[in-house]
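> Requesting a structural model of the entry that follows:
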Amino acid sequence: VLSLLGEIDSLNPFTSSSAAASEVHDLIYPRLFVEEADYPKGPPTFTPNIAEGATPGADGYTLKIRLRDCTWSDGAPITAEDVRFSWEAAKHPDVAWVSASIVDFIEDIEIHDARTFTVKYSQKYPYQQMDVNDIQILPKHTFGKVPFEKWQTHGKWEAQARVSGGPFLLEGMRPNQEVTLTRNPRYWKEGRPYLDKLIFRIIPDQRTQLTSVLAGDVDCMQGVTPKDVDKILDAKPLNLYTYMTRSYGYVGWNCKRWPFDDARVRNAMSHAIDVEDIVEFLFRGYAEVAGPQIISKFWASNPDIEPVEYDPDRAEQLLEDAGWAPNDDDVWEKDGKPFQFT
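As a prediction, the model looks like this:
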């Protein structure tokens with residue numbers, strides 16, 4: 001039993017905008033490859049999933065892919081037609097997929113036979129395989145019964161979602177409560193999945209999620225706030241897994257607004273914030289101070305860019321250089337205006 005913060009808005013990955021729903025989609029609709037977590041070293045590598053492999057064209061504009069011999073849960077083969085259909089859905093304006101920009105550079109998918117096709121690109125770029133892999137494959141023989149023009153108004157897609165190419169099958173769905181998945185006996189990986197059933201329980205509050213985990217009603221929750229870490233660690237036999245995410249928090253100064261239209265003021269504010277203190281006391285050590293805007297766990301990051309140093313003296317000097325000075329009440333002001341903002 002797993003908890004989800006959000007509702008399952010749609011069981012069709014191309015009409016959904018819910019991160020919670022994607023947790024369910026990933027277990028029903030297969031991808032061509034598995035994206036490996038080696039992005040700190042370079043553009044990620046891929047290992048076979050329902051595709052056996054990919055061969056780049058000599059000109060750098062094509063990728064030839066062959067599918068393994070596998071089927072949907074209803075016994076129909078997973079074919080190149082399903083792949084092309086899913087790409088057509090991803091780019092169709094009436095479907096209005098929130099991630100449609102992923103297929104901007106995919107010009108066509110040419111089918112050679114039931115299991116072989118070529119992806120044609122308009123540009124050479126490092127993420128060709130990633131982009132086609134981000135298209136989740138839908139069964140054309142079920143989803144194709146609904147015209148693309150009607151996808152946004154079709155509903156939850158429960159009937160179509162009962163045909164799976166992933167490790168689990170949709171057993172049932174109770175809106176705003178839970179989604180139940182059962183083992184797909186036709187899944188192509190022999191012996192997988194290991195679990196017979198998964199229940200995703202909708203609990204839209206982290207506090208309630210934590211209470212459910214501690215009570216044993218839920219086996220797993222994603223996203224523990226740092227202040228709750230000790231409760232998890234003290235509760236046996238729960239395990240806490242930590243990792244660095246591919247995201248960061250920041251303060252964005254509005255450069256068009258006074259007083260942040262002066263770069264010296266923005267720089268002063270950055271030097272005046274003790275970020276290490278925030279990491280230690282707010283995040284309880286479960287964070288890092290960011291330096292470059294491209295995060296340090298990503299291959300394109302520049303390790304030579306250091307975080308802005310906490311230095312109140314430097315902050316004061318920068319404000320003085322920008323014409324600010326403390327008044328008799330120790331409030332910084334300039335031209336009679338106090339340094340304050342909303």
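
> Verify the contact between residue 333 and residue 322 for me.
No - if you go by C-beta atoms under 8 Å, residue 333 and residue 322 don't touch, sitting 12.0 Å apart. Every C-beta, even on glycine, is put in place using the N, C-alpha and C of the backbone.

> Neighbours of residue 257, how many?
Neighbourhood size, residue 257 [other C-beta atoms under 10 Å]: 9.

> Oh, that last question was meant for residue 175, not what I typed.
11.

> Settle this for me: it is touching residue 7, isn't it.
Yes - counting by C-beta under 8 Å, residue 175 does reach residue 7; the two are 7.4 Å apart.

> how near is the nearest residue to residue 92 once chain neighbours are set aside to residue 86?
Closest residue to residue 92 apart from its sequence neighbours, by C-beta to C-beta, 6 or more residues apart in numbering: residue 148 at 4.5 Å. Distance of residue 148 to residue 86, computed by C-beta to C-beta, to the nearest Å: 12 Å.

> got it, and residue 113?
Counting by C-beta to C-beta - residue 113 and residue 86 are separated by 18 Å.

> So the two - more neighbours on which side?
Each of residue 113 and residue 86 has its neighbours counted (other C-beta under 10 Å); residue 86 has more, 22 against 10.

> Would you indicate which residues of the worst-scoring helix or strand of the chain on mean pLDDT are buried?
Among the helical and strand segments of the chain, the one scoring lowest on mean pLDDT, DSSP states H and E is helix 229-234, with a mean of 90. By neighbour count on 16 or more other C-beta atoms under 10 Å, the buried set for helix 229-234 is residue 229.

> same for that helix, what does it pack against?
helix 206-215 (3 or more C-beta pairs under 8 Å, 6 or more residues apart in numbering; DSSP states H and E).

> Now do the helix it packs on: everything it contacts.
3, 5, 201, 203, 218-221, 223-225, 228, 231-232, 235, 238 (C-beta atoms under 8 Å, 6 or more residues apart in numbering).

> Could you identify which of the residues you listed has the most neighbours?
residue 3 (26 neighbours).

> Quick check, residue 79 in contact with residue 114.
Yes - counting by C-beta under 8 Å, residue 114 is a contact partner of residue 79 at 4.7 Å.

> Same drill for these two, tell me which one is more crowded.
Between residue 79 and residue 114, counted using other C-beta under 10 Å, the more crowded position is residue 79 (22 against 14).

> list the contacts for that one?
67, 114-115.

> go again using 10 Å as the cut-off
67, 71-72, 85, 111, 113-117, 137, 139-141 (C-beta atoms under 10 Å, 6 or more residues apart in numbering).

> Can you give me the distance of it to residue 112?
Going from residue 79 to residue 112 by C-beta to C-beta gives 11 Å.

> pLDDT of the helix ranked longest in the chain, averaged?
When the chain is parsed with DSSP state H, its longest helix is helix 80-91. Taken as a whole, helix 80-91 has an average pLDDT of 98.

> What values do phi and psi take at the residue nearest to residue 92?
Here is the backbone geometry of residue 148 (degrees, to the nearest 10): phi -50, psi -30.

> Next, count neighbours for it.
Neighbour count of residue 148, defined by other C-beta under 10 Å: 18.

> That one touches residue 12, doesn't it?
No - Residue 148 lies out of contact with residue 12 (C-beta atoms under 10 Å); the separation is 11.2 Å.
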